[in-house]
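J.: could you work out the structure for the sequence below:
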Amino acid sequence: PLFSEIKGVTLDKPLLSLLNTEERKEAILFGEGIWRWRAMEYRLNRNFQAFDDFVGKLILYLNTNDRKDRLEVNYNRILDGTTPLKITASYFDESFVFDGNAQLQISLKRRNSNFERQAPMLLKGNYFETDLSDLEEGVYDFTIAVNDENTKRSGSFKILKNNPELLVQATDYKKLTRLSNKTGGEAFYPNALDQIIERLSEDDSFTPIQKSRQNIVSLIDFEILLALMVLCLALEWFIRKYNGLI
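T.: Numbering: from 1, shown residues only. The predicted model follows:
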């Protein structure tokens, strides 16, 4: 609740109280002239932003009657290396607005083992995250709790020992041979490394090629330069003629 204040003295009387029951939500304002509050906000900050945000969130809280989970957790039950080894969570306040100031804690325990871990979840934009990439294979139980709140979510996941894609260690050489034959290539085995080097060195398709490019432009295309040269030659002829050198 908000308490009233007179001449700097806070009274033990609520000014605004919120009631939350199983059936409905209520807000009770013990006072009048709420417009004065808004006017004072403008006087102090030259805008109504804080007051309007408070009233808007209050109305949103009162209109929210559905029972959504304030703590949502997203994770994969089977982690085999093909998906990110991470758990993400989102926490919302009572008006279902994302609360980035909340502190989420995750507790991990590996089944049939003494391994346990507790760590805070890191804020990443509009969600919280924890990295599990350093965990070994096995089945884990976890609980995510919000500090100073009676809100928890639990679950379990399994980390496989190997990536299924890495289990296939043999190549399908028959398909590779057919592919090379259709594309004009050739298939080589690991023991033919010297043959591969010799074949590549003799292949003309890998010969270095040097290209040169010449750009020849006729002088007559430079009209200003051509006129300047003609003017200089004419000037030189008149000077020589005047001095009797011609």
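J.: moving C-terminal of the worst-scoring helix or strand of the chain on mean pLDDT, what's the next helix or strand?
T.: Using mean pLDDT, DSSP states H and E, helix 164-167 stands out as the lowest-scoring helix or strand of the chain, at a mean of 54. Towards the C-terminus, the helix or strand next in line after helix 164-167, according to DSSP states H and E, is helix 173-182.
J.: run through who's touching that following helix.
T.: Surrounding helix 173-182, the residues in contact under the criterion C-beta atoms under 8 Å, 6 or more residues apart in numbering are 185-187, 189. Yep, even glycine has a C-beta here, placed from its N, CA and C like the rest.
J.: what sits against Leu79?
T.: Counting by C-beta under 8 Å, 6+ apart, Leu79 touches 85, 132, 157-160.
J.: distance-wise, check it relative to Ser218.
T.: Relative to Ser218, Leu79 is positioned 72 Å away (criterion: C-beta to C-beta, to the nearest Å).
J.: just the buried residues out of the contacts of Leu79, in PyMOL syntax.
T.: Typed into PyMOL, the next command selects the buried ones out of the contacts of Leu79 (criterion: 16 or more other C-beta atoms under 10 Å):
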select buried, resi 85+132+157+159
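J.: just checking, next helix/strand downstream of the strand of greatest length in the chain?
T.: Longest strand in the chain by number of residues (criterion: DSSP state E): strand 9-20. If you walk from strand 9-20 toward the C-terminus, the next helix or strand you reach (DSSP H and E) is strand 25-29.
J.: tell me the angle of that next one relative to strand 9-20?
T.: With axes from the mean of the first three to the mean of the last three C-alpha atoms, to 10 degrees applied, the angle from strand 25-29 to strand 9-20 works out at 160 degrees.
J.: name the helices or strands packed onto strand 25-29?
T.: strand 9-20, helix 49-63 (3 or more C-beta pairs under 8 Å, 6 or more residues apart in numbering; DSSP states H and E).
J.: I'd like the average pLDDT over the longest strand of the chain.
T.: Model confidence over strand 9-20 averages 76 on the pLDDT scale.
J.: and if you look at stretch 174-186?
T.: In this model, stretch 174-186 has a mean pLDDT of 83.
J.: same question, stretch 209-223
T.: Mean per-residue pLDDT for stretch 209-223: 73.
J.: measure that stretch end to end?
T.: One end of stretch 209-223 to the other measures 38 Å (C-alpha to C-alpha, to the nearest Å).
J.: residues making contact with it?
T.: For stretch 209-223, using C-beta under 8 Å, 6+ apart, the contacting residues are 225-226.
J.: in it, what's buried?
T.: Of the residues in stretch 209-223, none is buried under the neighbour-count criterion (16+ other C-beta under 10 Å).
J.: who wins for most neighbours among the contacts of helix 173-182?
T.: Ranked by the number of neighbours (other C-beta atoms under 10 Å), the contacts of helix 173-182 place Ala187 first, at 13 neighbours.
J.: off-centre distance for the helix or strand harbouring Ala234?
T.: In the assignment (DSSP H and E), Ala234 maps to helix 223-242. Using C-alpha atoms, centre = their mean, to the nearest Å, the mean C-alpha position of helix 223-242 is found 70 Å from that of the whole chain.
J.: can you check stretch 202-217 too?
T.: Going by C-alpha atoms, centre = their mean, where stretch 202-217 is centred and where its chain is centred differ by 45 Å.
J.: list the buried residues of stretch 76-90.
T.: 79-80, 85, 87, 89-90.
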